[in-house]
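# what shape does this take:
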Amino acid sequence: MSKRYTYLDYAASAPLRPEARDAWLAYHEKPGSEANPNSLHSLGREAARELEAARRTIATSIGCGFRPGEVVITSGGTESNNLAVLGMAEGARRKSSNKKKRVILSAIEHDSVLDVATLLRSRGFEVELVGPDRNGVVQPDELARVMGENCALVSVMAANNETGVIQPTAKLVEVAHAGGAVIHVDAVQAFGRIPLDAAKADAVSVAAHKIGGPLGVGALAIRTRCPFEAQSLGGGQEGGKRPGTQDVAGAVAFAAACRVVMRDLTTVRPKVAAMANKAYSRLCAEGTGILPTTQAFVDDTRMPGMISVMVPGMESETLILKLDDLGFEVSAGSACSSDSLDPSHVLSAMGVPRDQALGALRISFDERMNEEDLDAFCDALLKIVRKE
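Below is the predicted model:
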């Protein structure tokens, strides 16, 4: 008999939704589903129509005033972020006749943004990091302090992928624009979980698998007016911003997942937030030895369905493996850097002591999580901690 696992790592990749699976299968059952959407024959034109219908749904779901033609289909969040940071920085520099050479990234960004800094510096850019406060919030006043006069690009996230803390996106956008910079918002973790507050952002990144769509599909919504320089060559697809044949079936499945999460967003959010707050109350009660990574439990300060805690004196890897033995699947933080034994760069930037940060855990889920299973997880973690 196979072991039963309770999956609590939706922030890394959420389970595929039936609606997305059905849409993907239905597309492949159509005659000519293998056709290239850039071909001129009948089957190619039909594939192009399917792709454009999916693009319209994705644009509507992102909102923020983006038009379908401004949505670039990508292979996922990492490519969307790489493309935005590099393409927008180069575009802004070129538009300013090589005067704007500074890029500001928040210190709590995903690695797909922060790791671009080395490449930017090799291309002649100055890169500066703006830190968060102790509760993991990048304050607009702090961004204003470091803006300067020659900033090409600011990149910030809508909600942190490790702590779940929601950022003051609209105010950060205002600060960036006041300083003459374009701004990219990484909404990969926030999209489909909270309404995006990025109506004036120049670009927004999203990914399908975070909301129950397929792996390997994402999008970058970028304003037509935004200066941009393509980072790959080979064709004119996606308005020349991202050459390469598109995954039509993946885009169709992504659109199906978008329809579900946007339809249910207002009813799902309070339900999932209540489940998370209950778990926080149990795990971080006095005497448990478990600490929250931030002190704010208010629903509108943190993404629903994400619990971020620390067990001082224990290592994340040990906790994850012990929980895995008991059938509970969680992570320490970003799945993209799970091999690292160093403290989370997010918690370090927040000023969390090393001995606490080394014991960080991220528990994440959506409305499909069984409340009894979440209670069982809490029982298991509390038991592990008490034995140590």
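# what ranges in the stretch 151-300 of the chain fall below the confidence cut-off?
Applying pLDDT under 70 to the stretch 151-300 of the chain flags residues 296-299.
# what are the ranges of the helices in it?
Along the stretch 151-300 of the chain, counting by DSSP state H, counting those that start in this stretch, helices occupy 169-178, 248-283.
# make TSV out of the ones you listed and add mean neighbour count and distance to Lys210.
(Each C-beta comes from the backbone N, C-alpha and C, glycine too.) TSV is the format used below for those (neighbours: other C-beta atoms under 10 Å; distance: least, C-beta to C-beta, whole Å):
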stretch	mean neighbour count	distance to Lys210
helix 169-178	20	17
helix 248-283	20	9
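# closest one to Val154 among those?
helix 169-178 (4.0 Å; C-beta to C-beta).
# point out the other helices and strands that the closest one packs with.
Secondary-structure packing of helix 169-178 (3 or more C-beta pairs under 8 Å, 6 or more residues apart in numbering; DSSP states H and E): helix 140-146, strand 151-157, strand 182-186.
# quick one, domains of this protein?
Domain segmentation of the chain under automatic domain parsing yields 6-15+266-387, 18-258.
# of the helices of the stretch 151-300 of the chain, which is nearest Gly91?
Between the helices of the stretch 151-300 of the chain, helix 169-178 lies closest to Gly91; by C-beta to C-beta that is 14.9 Å.
# neighbouring contacts of stretch 264-280?
Under the contact criterion C-beta atoms under 8 Å, 6 or more residues apart in numbering, stretch 264-280 has outside partners 192-195, 261, 292, 297, 299, 302, 304-307, 309, 363, 365-367, 369, 371, 374, 377-378.
# run a quick neighbour tally on Gly124.
9 (other C-beta atoms under 10 Å).
# quick one: residues contacting it.
Lys101.
# the helices and strands packed on helix 169-178: which one's closest to Arg49?
The nearest among the helices and strands packed on helix 169-178, by C-beta to C-beta, is strand 182-186 at 29.8 Å.
# chain center to the closest one, what's the gap?
Put simply, strand 182-186 sits 13 Å off its chain's centre (C-alpha atoms, centre = their mean, to the nearest Å).
# for that strand, which helices and strands make contact with it?
Short answer (3+ C-beta pairs under 8 Å, 6+ apart): strand 182-186 packs on helix 77-95, strand 151-157, helix 169-178, strand 203-207.
# pairing partners for it, with directions?
If you go by DSSP bridges, strand 182-186 pairs up with strand 151-157 (parallel), strand 203-207 (parallel).
# most packed of these?
Mean neighbour count (mean count of other C-beta atoms under 10 Å) peaks for strand 203-207 among those, with a mean of 31.
# mind listing residues that contact that strand?
58, 62, 64, 66, 76-77, 80-81, 84, 88, 158, 182-188, 191-192, 196, 198, 213, 217-223, 226.
# related to what we said a few turns ago, next, format the helices of the stretch 151-300 of the chain as a markdown table and append distance to Glu70.
Below are these laid out as a markdown table (distance: least, C-beta to C-beta, whole Å):
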| stretch | distance to Glu70 |
| --- | --- |
| helix 169-178 | 16 |
| helix 248-283 | 15 |
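# which stretch among those comes nearest Ala26?
helix 248-283 (8.1 Å).
# and the closest one with strand 203-207, angle?
80 degrees (axes from the mean of the first three to the mean of the last three C-alpha atoms, to 10 degrees).
# and helix 248-283, how far out from the chain middle?
14 Å.
# and what of stretch 99-113?
Mean-position distance between stretch 99-113 and its chain equals 15 Å (C-alpha atoms, centre = their mean).
# hey, C-alpha coordinates of that stretch in CSV?
The C-alpha trace of stretch 99-113 is given here as CSV (Å, rounded to 0.1, in the frame of the first residue of the first chain):
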residue,chain,number,x,y,z
LYS,A,99,22.4,58.1,-19.4
LYS,A,100,20.3,55.9,-17.2
LYS,A,101,22.5,53.1,-15.9
ARG,A,102,21.2,52.3,-12.5
VAL,A,103,18.9,49.4,-11.6
ILE,A,104,17.2,49.1,-8.2
LEU,A,105,16.0,45.6,-7.0
SER,A,106,14.5,44.9,-3.7
ALA,A,107,16.7,42.6,-1.5
ILE,A,108,13.9,40.2,-1.0
GLU,A,109,13.3,39.4,-4.7
HIS,A,110,13.2,35.9,-6.1
ASP,A,111,16.5,34.6,-7.4
SER,A,112,15.3,34.9,-11.0
VAL,A,113,15.5,38.7,-10.4
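# buried stuff in it?
Burial within stretch 99-113, assessed by neighbour count using 16 or more other C-beta atoms under 10 Å, is assigned to 100-110, 112-113.
# cool, stretch 204-220 as well?
Buried residues in stretch 204-220 (16+ other C-beta under 10 Å): 204-214, 217-220.
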